[in-house]
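1. coordinates only, no sequence provided:
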């Protein structure tokens, strides 16, 4: 089976993890802070807070921004459910903004229209979560301008996008957002096995996310509300969670970070080759906005189904039947049963639903070979 994504674990990675196993610290040691510092420096951000998943990073980012009961978070329907669920964890409500039909990201034009209506109704969002789908950055300059006009905070869900750039700056720099979130899940561009990170340029947000990832417990006298009882003393000053990243994960992530630029460059070479090989088939290959340099976590095609002799499902199952582990990213969140129970209905976000009816994620990872690509393309050609 050719998977849609796959991690690469080198001997250097293994050595880094073994060194931690042989050290004094399996958690709360030096590796996680080193990983945080390295990612922050790479992206040009002031602070980084490592956690056990990007979902946890989204949650503590929402909490740090004060999202809670009576508030609303807006995001795109074409994302993993975590981009919306993080609001529900905080007791807030969720709504969606339809996608741009070319980039598949949250559409800033649709966002402005919805904001104008929400302003009239007194229902503006507190937080907007643009998702850099497949690694391609959203139009963050436009979204940021709207945030200044309408007064909402921005969390960039960059789970797909580490190593990418927007207007020449690394995604994660924080120029157009309050917090940026990365994922280090095994199928992402680099991995820490499981793990995530929240980046910010705001010292108060960083301090609060640091507190929330570890039970709301602190040993910092400056954060305590009463006098210390002694050198053993700690205080719980908030309700936090056990979202810490382990030293094993930190060491693996730090090792992988050294190959990040190489991985993204290779993904671009593979994408360019796909573009050329698929050019004469009845499908749309990914379009890259000139303002962005995608991390290319995913390579998504859209089928021109009227030109194929098979349905979307038949094409998907045929590819799987030939040993090609294609996937579909994503099922529109508003069509999920849980969200239908919250009142969402099919037909509310038509561009997202059209995308879902035509999209397939082809295999894309740094160790994908030309021969494997040829297999993928030849099967598609036979199906056309």
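-> Looks like it came in fine. If you're wondering where the values come from, they're calculated on a predicted model, not measured in any experiment.

2. now do the contacts for residue 328.
-> 316, 356, 359-361 (CB atoms under 8 Å, 6 or more residues apart in numbering). Any C-beta I mention is one placed from the backbone N, CA and C, and that applies to glycine too.

3. what comes up buried for the strand or helix carrying residue 113?
-> Element membership for residue 113, per DSSP states H and E: helix 108-121. Neighbour counts over helix 108-121 (16 or more other CB atoms under 10 Å) mark 108, 110-112, 114-115, 118 as buried.

4. ok, which stretches of the stretch 101-250 of the chain are helices?
-> Ranges of helices within the stretch 101-250 of the chain are 108-121, 140-150, 203-212, 247-257, based on DSSP state H, counting those that start in this stretch.

5. can you tell me what sits against the helix or strand just after the last one?
-> On the C-terminal side of helix 247-257, the nearest following helix or strand under DSSP H and E is helix 260-277. With CB under 8 Å, 6+ apart as the test, helix 260-277 has contacts from 8, 42, 162-164, 189-190, 285-286, 294-297, 299, 362, 364-366, 368, 370, 373-374, 377.

6. low-confidence ranges in the stretch 101-250 of the chain?
-> By pLDDT under 70, the stretch 101-250 of the chain has no low-scoring segment.

7. can I see the domain layout of this structure?
-> 2-257, 260-383 (automatic domain parsing).

8. single out the most deeply packed of these.
-> Burial of the domains of the chain is given as mean neighbour count (mean count of other CB atoms under 10 Å); domain 2-257 ranks first at a mean of 20.

9. endpoints of that domain, how far apart?
-> Taking CA to CA, to the nearest Å as the measure, domain 2-257 stretches 25 Å from start to finish.

10. what does stretch 319-338 give?
-> 30 Å.

11. give me the distance between residue 251 and residue 182.
-> For residue 251, the distance to residue 182 equals 17 Å [CB to CB, to the nearest Å].

12. now the strands for the stretch 251-384 of the chain?
-> 283-284, 292-293, 299-303, 324-325, 359-362 (DSSP state E, counting those that start in this stretch).

13. what packs against the helix holding residue 113?
-> With contacts defined as 3 or more CB pairs under 8 Å, 6 or more residues apart in numbering; DSSP states H and E, helix 108-121 has these neighbours: helix 140-150.

14. other residues contacting the helix it packs on?
-> 106, 108, 111-112, 115, 119, 124, 128, 130, 152-154, 156, 166-167, 175-177, 291.
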